[in-house]
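Student: Here is my input; please provide its structure:
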Amino acid sequence: MKVTVGIPTYNDSATVGRVLDAVLAQTRLPDEVILVDDGSRDGSGAEGLARGVRVISHVHNLGLAQARNTILENATGDVVVFFDADAVPDRNCLKHLMRHFRDKAVAGVGGRGLEVCHSNRFQKWRARNTPQDHGVKLIQDDWMIMGLCFAFRRSVALEIGGFDSSFSRAGEDVDMSLRVRKAGHRLVYEPMAVVQHLPGGGIVDITRQAYKHAMFATYALGKNGESPAPYFADSCAHLARTSVSDLRSGRIMDGGVGILNMAARTAGAFVGTARAKSEQIRGSHR
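Tutor: Next comes the predicted model:
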């Protein structure tokens, strides 16, 4: 089975070289690597050229989902594995992802992101409380797989129309996962397929990320006819528990970060749900 690794990048020159080096050092080497430079202004594409991988450049920034579509359209692999430009795969990551595609019912496999930036208190809080993973156990029928490290059968992804380009910054993983499952296929979460996630930033970045992820995820759920309530309830319940635990333990600042994060997610979920409902109403009037 032929495998394409695709990496969308936008102004990620500080990290994308590390991702490419890790991809080229996999124990199961990819058959091709495609880097899509989505209108970067910092020379991100040059990192791919320096390593001899195929680089496709967008003149302007078209957004994350469209960058993924460019990879899908140009890939020659039966399976396309996507790594974010700040997600460095462990040496066996590709091998662990690919073994599940022996089962023809499986159309997508996702890996586990470990938050490895701990240079300030807020990054440590994110690593402890909101990692991008579904835990340490294999899930044979997952509801969604996360875009920092996931793989799809190319034929299935193209049959359902690729990624929805309206998800320009996040949520394209939720939307694609839901549509793949609607088409009758299975998604697997493989915790042994690990990537080291390298986002930096402080409280503003973490709060903005919480809003963005909640907004796009609830929009994706509503757009696909799914209730966002369970997703929102689980997120808030988790943050409420961790915030109370932090406050009781005397970690007042960490408890405050959790409360702020929950508020940002609530605002994002409200906007995403309202957007989905608005589009449904417009669609029913056509």
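
Student: quick one: A170 and M215, what's the gap?
Tutor: 8 Å (CB to CB, to the nearest Å). Using the backbone N, CA and C atoms, a C-beta is placed for each residue, glycine as well.

Student: Pick out whichever of those two has more residues nearby.
Tutor: When A170 and M215 are compared on other CB atoms under 10 Å, the one with more neighbours turns out to be M215, at 24 against 21.

Student: Following the strand or helix carrying that one in sequence, what is the next regular element?
Tutor: Using DSSP states H and E, the element containing M215 is helix 203-223. Scanning forward in sequence from helix 203-223 by DSSP H and E, the next helix or strand is helix 229-248.

Student: now that following helix: mean pLDDT?
Tutor: For helix 229-248, mean pLDDT is 94.

Student: picking that back up, dump the helix holding M215 to PDB, restricted to CA.
Tutor: Extracted in PDB, the C-alpha atoms of helix 203-223 (Å, rounded to 0.1, in the frame of the first residue of the first chain):
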ATOM      1  CA  ILE A 203      -2.400  32.800  28.200                       C
ATOM      2  CA  VAL A 204      -3.700  34.800  25.100                       C
ATOM      3  CA  ASP A 205      -2.800  32.000  22.700                       C
ATOM      4  CA  ILE A 206      -4.300  29.300  24.900                       C
ATOM      5  CA  THR A 207      -7.500  31.200  25.300                       C
ATOM      6  CA  ARG A 208      -7.800  32.000  21.600                       C
ATOM      7  CA  GLN A 209      -7.200  28.400  20.800                       C
ATOM      8  CA  ALA A 210     -10.000  27.300  23.200                       C
ATOM      9  CA  TYR A 211     -12.400  29.600  21.500                       C
ATOM     10  CA  LYS A 212     -11.400  28.600  18.000                       C
ATOM     11  CA  HIS A 213     -11.600  24.900  18.600                       C
ATOM     12  CA  ALA A 214     -14.900  25.100  20.400                       C
ATOM     13  CA  MET A 215     -16.400  27.300  17.700                       C
ATOM     14  CA  PHE A 216     -15.400  25.200  14.700                       C
ATOM     15  CA  ALA A 217     -16.100  21.900  16.400                       C
ATOM     16  CA  THR A 218     -19.700  22.900  17.400                       C
ATOM     17  CA  TYR A 219     -20.200  24.300  13.900                       C
ATOM     18  CA  ALA A 220     -19.000  21.000  12.400                       C
ATOM     19  CA  LEU A 221     -21.300  19.000  14.600                       C
ATOM     20  CA  GLY A 222     -24.400  21.200  13.900                       C
ATOM     21  CA  LYS A 223     -23.600  21.300  10.100                       C
END
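
Student: can you pull the buried residues of that helix?
Tutor: 203, 206-207, 209-223 (16 or more other CB atoms under 10 Å).

Student: Give me the contacts around that helix.
Tutor: By CB atoms under 8 Å, 6 or more residues apart in numbering, the list of residues contacting helix 203-223 from outside reads 122-123, 125-126, 130, 167, 169-172, 174-175, 178, 199, 227-228, 231-232, 235, 257, 260-261, 264-269, 271-273, 275-277, 279-280.

Student: then the lengthiest strand in the chain to PDB, C-alphas only?
Tutor: Scanning the chain for the strand with the most residues, using DSSP state E, yields strand 186-197. The C-alpha trace of strand 186-197 is given here as PDB (Å, rounded to 0.1, in the frame of the first residue of the first chain):
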ATOM      1  CA  ARG A 186     -14.800   3.300  10.600                       C
ATOM      2  CA  LEU A 187     -12.200   5.600  12.400                       C
ATOM      3  CA  VAL A 188      -9.500   4.200  14.700                       C
ATOM      4  CA  TYR A 189      -7.600   6.000  17.400                       C
ATOM      5  CA  GLU A 190      -4.100   4.600  17.800                       C
ATOM      6  CA  PRO A 191      -2.400   6.000  20.900                       C
ATOM      7  CA  MET A 192       1.000   4.500  20.000                       C
ATOM      8  CA  ALA A 193       1.100   6.800  16.900                       C
ATOM      9  CA  VAL A 194       2.600   9.700  18.900                       C
ATOM     10  CA  VAL A 195       3.500  13.200  17.800                       C
ATOM     11  CA  GLN A 196       5.300  15.800  19.900                       C
ATOM     12  CA  HIS A 197       3.200  18.900  19.600                       C
END
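
Student: Show me what it is packed up against.
Tutor: strand 87-89, helix 93-98, strand 106-115, helix 172-182 (3 or more CB pairs under 8 Å, 6 or more residues apart in numbering; DSSP states H and E).
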